[in-house]
Every structure is written in C-alpha cells, then in structure tokens.
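Colleague: from the sequence below, what's the structure:
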Amino acid sequence: MNGFFNKILKHWCRYLIIAILLILALAWGFNNLKLKCHLQAEVSAQEEQQITWQMQNIAAWTCGAIRSTDTVVVITPEFYEDVFNSEKIAAYNVDQRANYVLTAFKRSFNDPFAVANDVSALTKELRKTYSRIIIVGHSKASTINIAMLEYLSTVDYDYMVNISATYSGTPLTMPEKIYEILAPKKILFWNYGKQLYDFYFGIFDGGMADKIIREDSEFLKQLDYSKIDKNKFINITAKSGFKSFMYDFWNFDSEGMGLPFLNCILNLNGDGIVPLKSQKSHMDDEITAISISASHKSSYKIGVKKALDIIEKCDTKTAGNFPCHLFLS
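Modeller: Numbering: from 1, shown residues only. Below you'll find the predicted structure:
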C-alpha cells in the first residue's frame, strides 16, 4: 500500500515541477512581450515628438515620449552617435517621472573637455524649459560629468548622478592588460582565455571614447573632483552577481547575463566592466553613495530609477536646504 502511495506522490511531484516550469516560462514570455510593447510605444511616441541637436562634438535626441513634467534627465555621452537607432534611443527612457535627453560622441571628437563644454551648453539651453535638471553619467560618461563642472555653475543643474563610474578607468579598454589576464587561463587542454580574448578584441572599438578611460589616461588625471557640489551629487556603484544575473535573465538581456561570469574571470570585483575600486575612486565620504546589485549593462536603468527615488526623498525631507545624504538610510 505504501508503495502505491509513493508512486502517486512521485508522479504528482513530477507534474507539480512541470506545472511550475510552464508557469515560469509563460511569465517569462509575457514579460518579454510587455517589454517589447512598452518599447514600441516609446519608439512610436519618439517618432512623432523627437527633438534633435547637432553640435560640434556631440549629437543629442529626446528619448521616447515627451511628458508634461518639469524634470529632464540629461544623459552624458557613453557611446558614439552612429551606434544608435530608434529603439536604442527610446530604451534610455526608463521612468515616467522625467523626460530624457540622450547625448552621444561624434566620431570626430578628440577632446573630452570640448565634449563636456558642448553638453554643458545644451544643459543651459534646457534650463530655459525645465525647472529641474538631473545630469546622469553612466560608465565613461561619468567622467564627462566631472569635466562638465568646469563649465557649469550650481544654478545650471539640480542634481548630478554618476552610475558605474570609471573614475580611475577600466582594464577593459586596455587590450594588452586583458591579454595578460586572459592568455594563461585554461581548463585542462582548452585555452578558453585566449578564445575569450580573441572574441573581446574582435568587438573592441579602441577609439577616443575608450582611450579617455584607460587606467593611465591623461584625461582622468586632469579631472578636478574638488568642484563637486556635495549637496547635489549622487554616486551609484554597481556589483554583478546572481541577483543581477536573474534581473538580466528576466529582462532578456543576454549581454548583461554574461557580465557576472566575465567579472569572475577577470577578477574585477565590480559590475563586469568596471571594478568597484574605480567606481569609488576620488569619492569623498560626504558625497551621497548608493550601492546596487546590477551588471554594467543594467546599472543605468536600475540606477536612474534609484536616483529619482532618492531625489524625491531628499526634496521632500530637505526642501532644498540641507545636504541630501544626511537623510538617506
């Protein structure tokens, strides 16, 4: 009799596991459909409403729908102008509490301070339309933010947010260093490190945008962190791991899913691209610092939403009179 019930129980366990897997697969597919529909809606709105700017060193576009809000997020350059299509631009619109203006490097730029000057001029122009300006720098764009402090006064913007910052650079922009790390890595007779390097070098750009965040770059040495307004600055660091892997898996981001593994292989102790040490470099203890679990790929989206939450909290509690970081748990 016990054997009979054990067989039934075993079958029911199998059916339950299959049912759970089917439910997860359906939820995963539904989430993918929802994400695609949302992005398509933003692209459609973008095609009808988009405003563009062309300056000497940068191009800029409004992202997705333009909403009735007095807040604009100005995203400083991380990639070149020619890598963006409509969907990639719209994807930077991640929260309905703000409008978004994305900037990008021109291929011809050769001076990152000139880029910072152009973005600063655009920011001052946007100040005529928006009462709250939040400047966001992700990855190498964070260093452009610091350079912008040479050209902006405290009345030109309300908050500056850096996410996954490359303050002291990243080895991922130095092929010779990556080769040194990867070349010896083997599993039995398989030199997987060499294959990884060949793949990396095949997609490595190596242009001026990458050169400015080499660990030994002159640009990084010239940045003046004393100009940071500690009452207006938020530094968000990202670290990849299992939680970030699941987030990217759920959001169908294959590139983001691979970064925790790259983080381990390169021993970066960071988000898969930028070491934590670099993300925290030059940051004074009085600066508002937030840590998130995210890969380099997803840290922009997660970080911007977190920053908007923080800014709302700060504005509610301080009424603009006291340092934001004093009120953050």
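Colleague: just the strands in the stretch 1-150 of the chain please.
Modeller: With DSSP state E, counting those that start in this stretch as the criterion, the stretch 1-150 of the chain has strands at 52-54, 58-62, 71-75, 99-105, 132-138.
Colleague: go through those and name the closest to I144.
Modeller: Proximity to I144, assessed across the strands of the stretch 1-150 of the chain by Cβ to Cβ, is greatest for strand 132-138 (6.0 Å). Where you see a C-beta, it was placed from the backbone N, CA and C, and this is true even at glycine.
Colleague: what's that closest one in contact with?
Modeller: With contact meaning Cβ atoms under 8 Å, 6 or more residues apart in numbering, strand 132-138 is reached by 70-76, 78, 98, 123, 126-127, 143-145, 148, 156-165, 299-300, 303-304, 307-308, 311.
Colleague: quick check: angle from it to strand 99-105?
Modeller: 40 degrees (axes from the mean of the first three to the mean of the last three Cα atoms, to 10 degrees).
Colleague: ok, and for strand 132-138, which residues are buried?
Modeller: Buried residues in strand 132-138, counting neighbours by 16 or more other Cβ atoms under 10 Å, are found at 132-138.
Colleague: G64: which of these is nearest?
Modeller: Scanning those for proximity to G64, where the rule is Cβ to Cβ, the winner is V136, at 15.0 Å.
Colleague: identify the residue nearest D210 in space, chain neighbours excluded?
Modeller: T173 (4.3 Å; Cβ to Cβ, 6 or more residues apart in numbering).
Colleague: so where does S168 fall, helix or strand?
Modeller: Assigned by DSSP states H and E, S168 falls within no helix or strand.
Colleague: what's around it, how many residues?
Modeller: By the measure other Cβ atoms under 10 Å, the count of residues near S168 is 20.
Colleague: any idea how far V274 is from it?
Modeller: In this view, S168 and V274 are 9 Å apart by Cβ to Cβ, to the nearest Å.
Colleague: got it, and L16?
Modeller: Shown here: L16 relative to V274, a distance of 42 Å by Cβ to Cβ.
Colleague: looking at these two, which is more packed in?
Modeller: V274 (29 against 10).
Colleague: got a list of what the more buried one touches?
Modeller: Counted by Cβ under 8 Å, 6+ apart, V274 has contacts 139, 164-166, 170, 172, 238, 268, 296.
Colleague: who wins on neighbours among these?
Modeller: S164 (33 neighbours).
Colleague: tell me if I'm right that it and K301 touch.
Modeller: No - counting by Cβ atoms under 8 Å, S164 does not reach K301; the two are 11.4 Å apart.
Colleague: which stretches in the stretch 151-300 of the chain count as strands?
Modeller: 159-163, 233-239, 288-293.
Colleague: quick check, pLDDT for F261.
Modeller: We note a pLDDT of 88 for F261 in this prediction.
Colleague: for F109, see how far away E215 is.
Modeller: E215 is 21 Å from F109, by Cβ to Cβ.
Colleague: can you mark which positions in stretch 86-97 are buried?
Modeller: Going by 16+ other Cβ under 10 Å, stretch 86-97 has these buried residues: 86, 89-94.
Colleague: residues touching the spatially closest residue to L266 that is not a sequence neighbour, list them.
Modeller: Closest residue to L266 apart from its sequence neighbours, by Cβ to Cβ, 6+ apart: I181 at 5.7 Å. I181 makes contacts with 171, 193, 266-267, as judged by Cβ under 8 Å, 6+ apart.
Colleague: of the residues you listed, which belong to helices?
Modeller: Judged by DSSP state H, the contacts of I181 include 193, 266 as members of helices.
Colleague: any idea what Y80 is bridged to?
Modeller: Here Y80 sits in beta bridges with F105, going by DSSP bridges.
Colleague: bridged to I290, which residues?
Modeller: Counting by DSSP bridges, I290 forms beta bridges with I236.
Colleague: my read: it touches I234, true?
Modeller: Yes - the pair I290 and I234 passes the contact test of Cβ under 8 Å, sitting 6.6 Å apart.
Colleague: quickly list what's touching both of these two.
Modeller: Residues touching both I290 and I234 by Cβ under 8 Å, 6+ apart: 307, 310.
Colleague: more neighbours, these two?
Modeller: Each of I290 and I234 has its neighbours counted (other Cβ under 10 Å); I234 has more, 24 against 18.
Colleague: ok, now which ones touch the more buried one?
Modeller: I234 sits next to 159-162, 287-290, 307, 310-311, 324 when contact means Cβ under 8 Å, 6+ apart.
Colleague: please redo it, this time with the cut-off set to 6 Å
Modeller: The contact partners of I234, taken as Cβ atoms under 6 Å, 6 or more residues apart in numbering, are 161, 288, 307.
Colleague: just the CA atoms of stretch 49-57, as PDB, please.
Modeller: Output of stretch 49-57 as PDB, limited to C-alpha atoms (Å, rounded to 0.1, in the frame of the first residue of the first chain):
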ATOM      1  CA  GLN A  49       7.800  64.100 -30.900                       C
ATOM      2  CA  GLN A  50      11.600  63.800 -31.100                       C
ATOM      3  CA  ILE A  51      13.800  66.900 -30.800                       C
ATOM      4  CA  THR A  52      17.400  66.600 -32.000                       C
ATOM      5  CA  TRP A  53      20.500  68.700 -31.600                       C
ATOM      6  CA  GLN A  54      23.800  68.600 -33.600                       C
ATOM      7  CA  MET A  55      26.800  70.200 -32.000                       C
ATOM      8  CA  GLN A  56      30.500  70.200 -32.900                       C
ATOM      9  CA  ASN A  57      31.400  67.200 -30.600                       C
END
